[in-house]
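Trainee: fold the following, please.
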Amino acid sequence: MEKNQEQIQDSITTNSNILNNAKLPKEFKLSGIKSNIKYKNRFDLALIYSKEACEFAGVWTQNKIQAACIKYNKNNAKNKIQAIMINSGYANACTGQQGDNDCKECADNLAKILKIDSKNILLASTGVIGQRLPMDRIIKAIPKLVNSKDSTKDSMKNASKAIMTTDTFRKVCGVKFILPTQDKEKSNKTKNYTRIWGMAKGSGMIHPNMATMLGFILTDALIDRDLLQEALSEIVKETFNQISVDGDTSTNDMVVVLANGESKNIKIDTKNKDYELFKDGLRQVCIRLAKQIARDGEGATHLLEVEVKQARTLQQAQKLSKAIIGSNLVKTAIFGKDANWGRIICAMGYSDTEFDITKLNLSFESKNGKVIIAKNGVGVKFNENKAKNILSAEKIKILIDLKDGEYNAKAWGCDLSYDYIKINADYRS
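Mentor: Okay, here's the model as predicted:
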């Protein structure tokens, strides 16, 4: 049974100008269908479509082995984008020239039916590495995929299902806010919201510098392309790059943003207050999606958040939090509800980041309470039963106070359970 996403999501923002939003941005349509790519009777092919071609920003995997779709998309990165087709089941990675040819054939067939240029199309694949896409099934399914596109709740649900592999629930969220519009007379009569909406997939093979994750973010904001790319690149560093499940980085990872300008706001072409509001909205969507991915780690029973406070630099805070969240020993301790803080200090010690342990305070926190574990780098007596109760909650925070500066950073991950082994031992079957 699909988990209730709202049960695992925190309040999206403290900015009162940004509101939760379940609707697609204007003039976007989605579809998701069952095309039997790998499994029968499973949603596995998705489409994102905009009435108008969009400004585009993207961030790609840092794995040196990159899937054919990543290479294809990089070649189209300077173009405006009007459609994205995503398949699950097979990654189309390590498939040689044939994999590149299959990408071109997918794009050409989709472009023909949508009546657009194939240069305005992106592709994404996720699944097993080293096997070709079943092109006959995909090409046969494209007409149905195109004809099914819509902006309804069902189309959104089906598309977000179709990009999943071992995910246990769909990962979606959205926000809305008001930007000054080009039509001042109209804006005085009705609220003209600008929207940002995103969906993502990711469950295993998740590690900082992106993961086996796909993120698709849509907005009807009118924004300069370079500013859109700058905002995305900055925000990815503090959101998607701050999650870890198992230490592996995939061949297919990408996060892309499409902006079609249909909210008719005054164009954001400078770093003014409108840009900051847009960037805050984009950040909140990325944080929400990143946390959902972390919570859905394969076999996970806890969402783990690490917060490093009062660091000397942002890089110091990010490196330390990522080292802790990426430690398998920390993950297994959390699974066992064991307040073994030595594993946390150990991870910080090999993070290749200098810090003064004599200033460090460490504590665990959840809805069940808070317990201080160490002060000024030295362990203190604490109630083990209380600590175990705190670590029994679904959401757990590890709080590190360095007392050495003004920079803070967070990272997100999950525990490592017996089920992680079971899931990945059977992944290809």
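Trainee: remind me what the biggest helix by length in the chain packs against, helices and strands.
Mentor: Counting residues, the longest helix found in the chain (DSSP state H) is helix 273-295. Here helix 273-295 touches strand 171-178, strand 193-201, strand 214-219, helix 225-238, strand 243-244, strand 303-311, strand 407-414, going by 3 or more CB pairs under 8 Å, 6 or more residues apart in numbering; DSSP states H and E. To be clear about C-beta, it is placed using only N, CA and C from the backbone, and glycine gets the same treatment.
Trainee: which secondary structure elements does the longest one contact?
Mentor: Right, helix 225-238. Counting by 3+ CB pairs under 8 Å, 6+ apart, helix 225-238 packs on strand 43-60, strand 254-259, helix 273-295.
Trainee: out of these, which is the most enclosed?
Mentor: strand 254-259 (a mean of 27; mean count of other CB atoms under 10 Å).
Trainee: which residues sit against that strand?
Mentor: Strand 254-259 has contacts (CB atoms under 8 Å, 6 or more residues apart in numbering) with 28, 48, 50, 54-61, 70, 73, 81, 84, 122, 124, 200, 210, 213-223, 228, 232, 236, 240, 282, 286.
Trainee: tell me how far it lies from the chain's centre.
Mentor: 11 Å (CA atoms, centre = their mean, to the nearest Å).
Trainee: before we move on, what about stretch 330-344?
Mentor: 25 Å.
Trainee: where along the protein do the helices fall?
Mentor: 68-75, 96-114, 135-147, 153-162, 184-187, 225-238, 273-295, 314-325, 328-335, 341-349, 384-390, 418-425.
Trainee: out of those helices, which is closest to Lys375?
Mentor: Nearest to Lys375, of all the helices of the chain, is helix 341-349, at 11.5 Å by CB to CB.
Trainee: report the angle between the axes of the closest one and strand 303-311?
Mentor: Helix 341-349 runs at 60 degrees relative to strand 303-311, counting by axes from the mean of the first three to the mean of the last three CA atoms, to 10 degrees.
Trainee: in helix 341-349, what's buried?
Mentor: Buried residues in helix 341-349, counted by 16 or more other CB atoms under 10 Å: Trp341, Arg343, Ile344, Ile345, Cys346, Ala347, Met348.
Trainee: and the gap between Asn368 and Asp401?
Mentor: Asn368 sits at a distance of 21 Å from Asp401 (criterion: CB to CB, to the nearest Å).
Trainee: just to revisit the earlier point, quick check: which of the helices of the chain is nearest to Val378?
Mentor: helix 341-349 (10.7 Å).
Trainee: that older thread, mind putting the helices and strands packed on helix 225-238 in a markdown table, distance to Asn109 and mean pLDDT included?
Mentor: Shown next, in a markdown table, are those (distance: least, CB to CB, whole Å; pLDDT from 0 to 100):
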| stretch | distance to Asn109 | mean pLDDT |
| --- | --- | --- |
| strand 43-60 | 12 | 96 |
| strand 254-259 | 21 | 96 |
| helix 273-295 | 30 | 93 |
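Trainee: need these in CSV with distance to Gly130, can you?
Mentor: Shown next, in CSV, are the helices and strands packed on helix 225-238 (distance: least, CB to CB, whole Å):
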stretch, distance to Gly130
strand 43-60, 18
strand 254-259, 19
helix 273-295, 24
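Trainee: JSON lines for the helices of the chain, including distance to Asn260?
Mentor: JSON lines is the format used below for these (distance: least, CB to CB, whole Å):
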{"stretch": "helix 68-75", "distance to Asn260": "18"}
{"stretch": "helix 96-114", "distance to Asn260": "15"}
{"stretch": "helix 135-147", "distance to Asn260": "18"}
{"stretch": "helix 153-162", "distance to Asn260": "17"}
{"stretch": "helix 184-187", "distance to Asn260": "19"}
{"stretch": "helix 225-238", "distance to Asn260": "12"}
{"stretch": "helix 273-295", "distance to Asn260": "14"}
{"stretch": "helix 314-325", "distance to Asn260": "32"}
{"stretch": "helix 328-335", "distance to Asn260": "40"}
{"stretch": "helix 341-349", "distance to Asn260": "43"}
{"stretch": "helix 384-390", "distance to Asn260": "46"}
{"stretch": "helix 418-425", "distance to Asn260": "38"}
